[in-house]
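Q: Show me the folded form of this:
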Amino acid sequence: MTTSAMDWSKAQNILCVRLDNMGDVLMTTPAIRAIKTARAQRHLTLMASASGAVLRPHLTEVDDLIVYDAAWVKNDSSGNEADRAIIDTLAARQFDAAVIFTVFSQSALPAALMCHLAGIPRILAHARENPYRLLNPWVRDTEPQSGIRHEVQRQLDLVAAVGMACGNTQLSFQTREADRLALRAILRRHEVDAPGGWIVAHCGATAESRRYGAAGFARALSLLQQQGRTVLLTGTEAERGLIQSIRGRCAPGLAVVDLTGCLSLGQFACLIEDADLLISNNTGPVHIAAAVQTPVVDLYALTNPQHTPWQVAHRLLSHDVPCKYCYRSVCPQGDNACLNGVAPEAVARAACELLEETACTL
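A: As a prediction, the model looks like this:
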């Protein structure tokens, strides 16, 4: 064991910093579990954005939560009052250590400076440039030049640098019976009586570049009618127009139920857990499905390569394009060809194959 790892083994009260989105927090949960299980009675506080913080009731490894929308991460916050106050908040908690989780395109140094000013003695993060006293130890960030790891593996490798690892590297999300009971009541109001076995189709995504076209979704879902499955459409209230457009384009007689804006996060996770299959753009629900082990057909925009479904049965569908891995929220070409080049027939075929394969393993 290295000197740094030995020093970190003494840390009892640890801050885990993940300031981007819900899906990113989910992909960090195996590393958080490694931190938690490396020492008995270890207390973990998650610092997350408002987007990521909604996961707290479902993360059994996390003991406490600090919500912070940082100035250096894309969000709707403004001003600098929260940025000034956060240092005092952290100092009052008297953390022994902080682990800062970032994708390779983000810098951990603003968060490292925040933790340093709060008096946290051990700070772990990836960094390209020499952080000097900000990090202990400095884990050099070699991505993307030396290749790109899966986001989950990147964070597992980070904590392994100080000797923290665990055998269970599955994503974490704890569903609750109260949410499942509430979900069943909602489904009854929508005349869905089956205890499960449905297909969930999540057709939205925060980034426009990661949305498969409405016509393609509608055609794929219509082709699945031969399976005799109930299709449940999900989305946020802001996505209601998109979902209605897809539903309106589906073949007449298709059993499609619109649950847009009806479900809490916990109820939504139970819906996915009880489903036979999720069909989704590459967004947060894919990682919820991975956590609850529901098979996924992932319409995967080639904006970045490191967020594929982790340790779950899946099909990854995309159309190869010269401009792949653009890391853009809006397609620079204006046509989302890496997604819309996927034929609806291929989506339906992947769904049928995955349903058949996973049914055989039950």
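Q: what about residue 259, distance to residue 60?
A: 26 Å (C-beta to C-beta, to the nearest Å). For the C-beta atoms, the positions are set from N, CA and C on the backbone; glycine is no exception.
Q: what about these two, which has more around it?
A: More neighbours surround residue 259 than the other of residue 259 and residue 60, with 20 against 12 (other C-beta atoms under 10 Å).
Q: what's that one in contact with, if anything?
A: For residue 259, the contact set (C-beta atoms under 8 Å, 6 or more residues apart in numbering) comprises 186, 190, 232-234, 271.
Q: Just among those residues, which is most surrounded?
A: residue 271 (30 neighbours).
Q: In which helix or strand does that one reside?
A: helix 265-274 (DSSP states H and E).
Q: And that helix, what does it pack against?
A: In terms of contacts (3 or more C-beta pairs under 8 Å, 6 or more residues apart in numbering; DSSP states H and E), helix 265-274 is packed against helix 177-189, strand 231-234, helix 284-292.
Q: which one of those lies closest to residue 251?
A: strand 231-234 (11.1 Å; C-beta to C-beta).
Q: Assumed residue 278 was part of a helix.
A: No. Counting by DSSP: H, G, I helix; E, B strand; the rest coil, residue 278 falls outside a helix, being strand.
Q: Share the number of residues neighbouring the closest residue to it other than its chain neighbours, please.
A: Distances taken as C-beta to C-beta, 6 or more residues apart in numbering place residue 289 nearest to residue 278, at 4.5 Å, with adjacent residues excluded. Using other C-beta under 10 Å, residue 289 is surrounded by 29 other residues.
Q: ok, residue 289 touching residue 274?
A: No. Judged on C-beta atoms under 8 Å, residue 289 makes no contact with residue 274 at a distance of 11.5 Å.
Q: hey, C-alpha coordinates of the helix holding residue 271 in CSV?
A: Extracted as CSV, the C-alpha positions of helix 265-274 are listed here (Å, rounded to 0.1, in the frame of the first residue of the first chain):
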residue,chain,number,x,y,z
LEU,A,265,-38.2,9.8,-9.5
GLY,A,266,-38.9,7.0,-7.1
GLN,A,267,-42.1,5.9,-8.9
PHE,A,268,-40.3,6.2,-12.3
ALA,A,269,-37.5,3.9,-11.1
CYS,A,270,-40.1,1.4,-9.9
LEU,A,271,-41.8,1.6,-13.3
ILE,A,272,-38.4,0.8,-15.0
GLU,A,273,-37.6,-2.0,-12.5
ASP,A,274,-41.0,-3.7,-13.2
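Q: angle of it against helix 284-292?
A: Orientation check (axes from the mean of the first three to the mean of the last three C-alpha atoms, to 10 degrees): helix 265-274 against helix 284-292 gives 60 degrees.
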